[in-house]
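Provided below are the primary sequence and the corresponding predicted coordinates.
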Amino acid sequence: MSTPKEDLGWEPALVAGEEVTLEEIVGRYEVTVFTLAMHLTGDEEAARQVTIDVFVRLSHEGHRHREQPLDALMHRYTYDAALPCLVGKLDRKLQDTEELGWQLSGKESVTLPKADGEKIFYC
């Protein structure tokens with residue numbers, strides 16, 4: 001996400017007796033989190049929601065993870081928030097494939113290729 005030199009991190013601020021504010025973290029990571037979320041979801045609206053979810057989670061749980069580098073925490077929270085969107089996409093693809101199978105079920109058998117090169121047979 002950011003280079004170690006740019007990473008606010010938790011420890012430097014805590015050692016100096018300063019508190020890193022959520023606003024500072026959002027300012028530093030908002031674009032990076034959104035870009036990763038957009039890459040993962042492929043959808044701008046979903047990426048916006050993932051970005052919001054990441055910072056809401058950070059505001060509620062971030063204090064529990066201060067021993068972790070902030071950069072790594074932002075990555076983990078972004079992947080965690082994007083996962084339901086990705087699972088939803090897979091479920092929709094499965095439903096579409098099943099519907100196609102039912103539509104074509106009037107034939108003796110239909111073979112559809114899978115992404116890994118195997119075949120799905122509908123009889």
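Received it, and whenever you're ready, just let me know what you need.

what's the longest helix in this structure?
Longest helix in the chain, counting residues (DSSP state H): helix 70-103.

in stretch 21-39, what's buried?
Ile25, Arg28, Tyr29, Thr32, Val33, Phe34, Leu36, Ala37, Met38 (16 or more other C-beta atoms under 10 Å). Just so you know, the C-beta spots here come from the backbone N, C-alpha and C atoms, and that holds for glycine as well.

whoops, stretch 67-80 was the one
Leu70, Asp71, Leu73, Met74, His75, Tyr77, Thr78.

return that stretch as PDB; C-alpha atoms alone will do.
Extracted C-alpha coordinates of stretch 67-80, given in PDB (Å, rounded to 0.1, in the frame of the first residue of the first chain):
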ATOM      1  CA  GLU A  67       1.000  -4.400  17.500                       C
ATOM      2  CA  GLN A  68       0.500  -4.900  13.800                       C
ATOM      3  CA  PRO A  69       1.900  -2.600  11.100                       C
ATOM      4  CA  LEU A  70      -0.900  -0.300  10.000                       C
ATOM      5  CA  ASP A  71      -0.200  -1.000   6.300                       C
ATOM      6  CA  ALA A  72      -0.700  -4.700   6.800                       C
ATOM      7  CA  LEU A  73      -3.900  -4.100   8.900                       C
ATOM      8  CA  MET A  74      -5.300  -2.000   6.000                       C
ATOM      9  CA  HIS A  75      -4.700  -4.800   3.600                       C
ATOM     10  CA  ARG A  76      -6.300  -7.400   5.800                       C
ATOM     11  CA  TYR A  77      -9.300  -5.300   6.600                       C
ATOM     12  CA  THR A  78      -9.800  -4.500   2.800                       C
ATOM     13  CA  TYR A  79      -9.600  -8.200   1.900                       C
ATOM     14  CA  ASP A  80     -12.000  -9.100   4.700                       C
END
